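Here's a sequence, model it:
(2 chains)
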Amino acid sequence: MTDPDAEAGAAASDSRFRKTLTQVLIVQVLALTFLGLLQLIYAA
Amino acid sequence: MHWINWAIVVVYVAYVVIDGIRKSKDTDTIAGYFAANKSLSWWVVGLSVMATQLSAVTMIGTTGQGATDGLRFVQIYFGLPLAMVILGVTIVPMLHGSGVFTAYEYLERRFDSKTRSFTAFLFLLSRGMSVGTIMAAPGVVFSAIFGIPLVWAVALIGVPTVIYTMVGGVQAVAWADVKQMVLIVVALVAIMAVLLIQMPINPHDALTIAGSTGRLETFDFSFNLNETYTFWSGLLGGTFLMLSYFGTDQSQVQRFLTARSVTEARSSLLMSAYWKIPLQALVLLVGVGVFVYYQFVQPPLLFNPTHEAAVSAERGAAYQALEEEYSSVFNLREAAAVGVADGDNEADVAAAMETFLAREADIQVIRGEALAMAEEVTGESSRDVNYIIPRFVLSELPIGLAGLFIAGVIAAAMSSIAAELNSLATTTVIDFYRRWVKPEADDAHYLRVSRGATALWGVFACFVAVYAATLGSLIEVVNRFGSFFYGSILGVFLLAMIPRARSNGAFAGLITGMAVVGYFNFMTDVAYLWQNVIGAVVVVTVGLVLSGSGGEQAKA
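Numbering: from 1, shown residues only, chains lettered A, B, ... in the order given. Down below sits the predicted model:
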């Protein structure tokens, strides 16, 4: 017999983890885009 | 240095020591002293993780590298976010949930005592050498800049650090790291703000000048195993380096073992995943900014004041002639830089840029002659990358801000050294003393031994610092030492996660991994970042092959 509370807790934890991963990805993409633009615009 | 700057430094160091000693409550058990009773919040642990990794070598070496080489060093961190995510779902729950005090203690549960002891020994060897190296970096620079004996400069950093680490254990280290990380970021932002305000040209023109000399080329997509910093070596080699450093090196593992829960331990590592690349880019951009600033304000020909004085004394006439030539070419280059910034049309700007690059090449030749002269006179390596930013700070920053930056360098040094000393003592006591010498003593006994071990490792670190001072680019040295062992140690922990791996296979794999990395290190030009991958792959492959072929049973 499954425990609905435990399942709900695990699902919430997965959802928080995916949200955090998305945030990490966004920040890295922004940082790398900034560095990439510097290179594209100004590099010799 | 002005007395106000000294006052800021002294007040800061005193505050960290006093605050660290205050944190010694709840450290009368080994659970409190080594693991803070697993009571720390994710943000305390997260800042401690970041402060441990960001040493004085970053504050003075990496900024200097930004000034001379530009942004490409940031590629080494491209694998870090991925590594943190992987660790969060693998090693963190494995170690945090097992109740161990050290990463190597876990290896005995999974494999056997010889694997534990050998891996712990490798940690003591590599971390013991590196703690002296990261103490040497600011020590050497402070000794030259302030004109004080090296042993005093090393003591300025080492003695307060040993005191609060010895008395307060991991709690003192973690809470001191929080304050130190704040100071480090404030100091970096302040220096960048001053650069932007004092730069005689606008940011667009500053970036144009920096870009023309290749300093804004972050990404190198070439697949060249001999090239140290490329996108691929950073993404692949860097991932393995960061997996090993943050997941298996006791100086970092001990950080997340203090977290309240596995979730908070994961969150603490994710803080680095978020912020390491932007922070590292800021560090390098500070260096790039100083390079541009020095197109308009003449810097010294030699940045190391000790070498400068020695060359002036021994080769007075020749050095003076070189300085005059340097001044003359500097003025021409400055005029060209102004032409790039103020050119009326594209043709004028292009002509000014051509002149600028030609004069920049001339400057590099003159600098090369001066550095060669310094090497002949002093008999030491004349590489002065680590002196660029400290000289800039002390001569160009307003009073007060210079003290803030110097305090930031000391903070960066103390945070890394404290974590390393604490972890060295922990491994010494838990993996060797308690395991092999005196397994049945009480906590009070182990705490006395731990405090003594911290003090001894501190003395050892100071000793190494005084004699390691002649090493070249210290940040590369620290990373090269690490890459010799890290990949292989990571391989052992990867094997620990594979159910069919056996003790003898893991041990043989570790030895083989180190031998193969040793071959690549000494006999080839393969960049050190790739050696982390090589070590890990060899250990896992050999470990699994030998585990599958023998009759050894799994541990119950």
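
Please pull up the helix or strand immediately following the helix or strand where residue B:426 lies.
Using DSSP states H and E, residue B:426 maps to helix B:401-427. Counting by DSSP H and E, the next helix or strand C-terminal to helix B:401-427 is helix B:443-468.

what's the nearest residue to the closest residue to chain A within the stretch 151-300 of chain B if we skip its chain neighbours?
Chain A sits closest to residue B:211 of the stretch 151-300 of chain B, with a gap of 2.9 Å, by CB to the nearest CB. To be clear about C-beta, it is placed using only N, CA and C from the backbone, and glycine gets the same treatment. Among residues not flanking residue B:211 along the chain, residue A:42 sits closest, at 2.9 Å (CB to CB, 6 or more residues apart in numbering or on different chains).

still on that earlier bit, model confidence at the residue of the stretch 151-300 of chain B closest to chain A, what's the number?
In this model, residue B:211 is scored at 93, pLDDT.

What of the one 10 residues further on?
Residue-level confidence at residue B:221 comes out at 94, pLDDT.

part of a helix, is it?
No: per DSSP: H, G, I helix; E, B strand; the rest coil, residue B:221 lies outside any helix segment and is coil.

which residue packs closest to it, ignoring adjacent ones?
In space, residue B:221 is closest to residue B:231, 5.1 Å off (CB to CB, 6+ apart).

just checking, the residue of the stretch 151-300 of chain B closest to chain A touches residue B:70?
No: Residue B:211 lies out of contact with residue B:70 (CB atoms under 8 Å); the separation is 9.0 Å.

which helices and strands sit right next to the helix holding residue B:426?
Judged by 3 or more CB pairs under 8 Å, 6 or more residues apart in numbering or on different chains; DSSP states H and E, the packing partners of helix B:401-427 are helix B:3-22, helix B:42-53, helix B:56, helix B:113-146, helix B:150-198, helix B:250-256, helix B:385-396, helix B:443-468.

Next secondary structure after the fifth one?
Think helix B:150-198. Downstream of helix B:150-198 (by DSSP H and E), the next one is helix B:203-212.

relative to helix B:150-198, how tilted is that following helix?
Per axes from the mean of the first three to the mean of the last three CA atoms, to 10 degrees, the angle that helix B:203-212 makes with helix B:150-198 is 130 degrees.

who's in contact with the next helix or strand after helix B:203-212?
Per DSSP H and E, the first helix or strand lying C-terminal to helix B:203-212 is helix B:231-232. For helix B:231-232, contacts defined as CB atoms under 8 Å, 6 or more residues apart in numbering or on different chains pick out B:75, B:78, B:219, B:220, B:221, B:223.

Same check on stretch B:368-380?
B:301-302, B:304, B:306-308, B:310-311, B:314-315, B:318-319, B:322, B:326, B:381-384, B:470.

what does chain B have sitting close to chain A?
Residues of chain B lying close to chain A (CB under 8 Å from any CB of the partner chain) are B:71, B:74, B:81, B:84-85, B:207-208, B:210-214, B:216-219, B:263, B:267, B:270, B:273-275, B:277-278, B:281.

so who does the residue in chain A positioned nearest to chain B touch?
Nearest residue of chain A to chain B: residue A:42, at 2.9 Å (CB to the nearest CB). Shown in contact with residue A:42 (CB under 8 Å, 6+ apart): B:207, B:208, B:210, B:211, B:212, B:216.

same deal with residue B:114?
B:503, B:507.

rerun at 6 Å
residue B:507 (CB atoms under 6 Å, 6 or more residues apart in numbering or on different chains).
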